[in-house]
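[1] when you get a sec, could you give me coordinates for this:
(one chain, ligands or ions: 1)
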Amino acid sequence: EETAAVGEALNYTITGIDAGAGVMAAAQNAIEEYELDEYELQASSDAAMTSALNEAISNEEAIVVTGWNPHWKFSKYDLKYLDDPKGVFGDAENIHTMARLGLEEDMPEAYQVLDNFHWTEDDMGEIMVAINEGQDPEEAAAEWVENNPDKVAEWTDGVDSVDGETIVLALVAWDSEIASTNMIAKVLEGIGYNVEISPMEGGYMWAAIANGEADAMVAAWLPATHGAYFEDYQDDVIDLGTNLEGAKIGLVVPAYMDIDSIEDLKE
Ligand SMILES: C[SH](C)CC(=O)O
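    All right, here's what the predicted structure looks like:
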């Protein structure tokens, strides 16, 4: 009886983000694996998901969203991941930096900075929270770079400056990637690049690096979340390794909901 109430309270809906996100493919897989036959995965965007989350929490209503960290929602709201006994959402993820083929020859200085880039969930969180509190992403990124000269120096020490060359960074408009991409753009600007930031859907982001339309991206969630994209494009991109460790994806609910596992969503 109780679980039927959960499904009805949720209107049998998992509130998702953009269709190209890996967490969406995993959530669709969870609907199958956990036989959540009545449920529908609602595609929208990171911004729409977080406003639906905000609305539900303000009214202490039931909601389940496709979630991930790093993300500011965990510091703003009391949330929990639903246990995933079938392991559909995988374990800890790392965020990798990917460059197009030929970048090392064409833009050695940018390649070196991108290869050196590595920071923590807390570093990213500082920028994400500032943006969530209304600061312009470029400003929040510039402030972080100004306040963290030692971290930036680890990436740029020994790298020559350039003279206004244009580099294109692709991203998907997830709050985590808006923070990291704007930050590394400021660092590249600091050594003389003109940086163009090009937002697009997940699949297009990978294709843009593989076909050279974009030069680099710091938004590759591996091994599982973007595993399918990496499999398609691994011969046509350069994996510069992780820029952040200990990320995670899954289904997330407000702590006030009396469920703890994806199993509990079942009819
Ligand atoms: C939305 S997470 C930042 C990454 C993904 O699920 O593709």
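[2] for the residue in the stretch 151-267 of the chain positioned nearest to the ligand, grab the count of nearby residues.
    Nearest residue of the stretch 151-267 of the chain to the ligand: Trp174, at 4.0 Å (CB to the nearest ligand atom). Where C-beta positions appear, they are placed from N, C-alpha and C, glycine not excepted. By other CB atoms under 10 Å, 26 other residues sit near Trp174.
[3] the closest residue to it other than its chain neighbours: how many residues sit nearby?
    Spatial nearest neighbour of Trp174, chain neighbours left out: Asp46 (4.9 Å); criterion: CB to CB, 6 or more residues apart in numbering. Look at Asp46: counted by other CB under 10 Å, it has 22 neighbours.
[4] my read: Ile191 touches Met107, true?
    No. At 10.7 Å, Ile191 does not count as touching Met107 under the criterion of CB atoms under 8 Å.
[5] so those two - more neighbours on which side?
    Set Ile191 next to Met107 and count neighbours by other CB under 10 Å: Met107 wins out with 22 against 17.
[6] backbone phi and psi for Val237, please?
    Here is the backbone geometry of Val237 (degrees, to the nearest 10): phi -130, psi 160.
[7] same question for Ala216.
    According to degrees, to the nearest 10, Ala216 has phi -160, psi 160.
[8] how near is it to Leu244?
    15 Å (CB to CB, to the nearest Å).
[9] what's the answer for Met24, then?
    21 Å.
[10] state the next helix or strand along the chain beyond the lengthiest helix in the chain.
    The longest helix of the chain (DSSP state H) is helix 175-190. Once the chain leaves helix 175-190, the next helix or strand it forms, by DSSP states H and E, is strand 194-199.
[11] who does that following strand touch, helix- and strand-wise?
    strand 166-171, helix 175-190 (3 or more CB pairs under 8 Å, 6 or more residues apart in numbering; DSSP states H and E).
[12] can you tell if whatever helix or strand comes next after that strand touches the ligand?
    Using DSSP H and E, the helix or strand that follows strand 194-199 in sequence is helix 202-210. Yes. For helix 202-210 and the ligand, the contact criterion (CB under 6 Å from any ligand atom) is met by Gly202.
[13] and helix 202-210, what does it pack onto?
    strand 93-100, strand 166-171, strand 216-222, helix 227-233, strand 237-254.
[14] other residues contacting the second one?
    For strand 166-171, the external contacting residues (CB atoms under 8 Å, 6 or more residues apart in numbering) are 107, 110, 177-178, 181, 184-185, 188, 193-200, 204-205, 208-209, 213-219.
[15] hey, C-alpha coordinates of that strand in CSV?
    Coordinates of each C-alpha in strand 166-171 appear next as CSV, following Å, rounded to 0.1, in the frame of the first residue of the first chain:
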residue,chain,number,x,y,z
THR,A,166,41.1,31.6,-30.5
ILE,A,167,40.4,28.4,-28.7
VAL,A,168,36.8,26.8,-28.6
LEU,A,169,35.7,25.0,-25.5
ALA,A,170,32.6,22.8,-25.8
LEU,A,171,30.3,22.0,-22.8
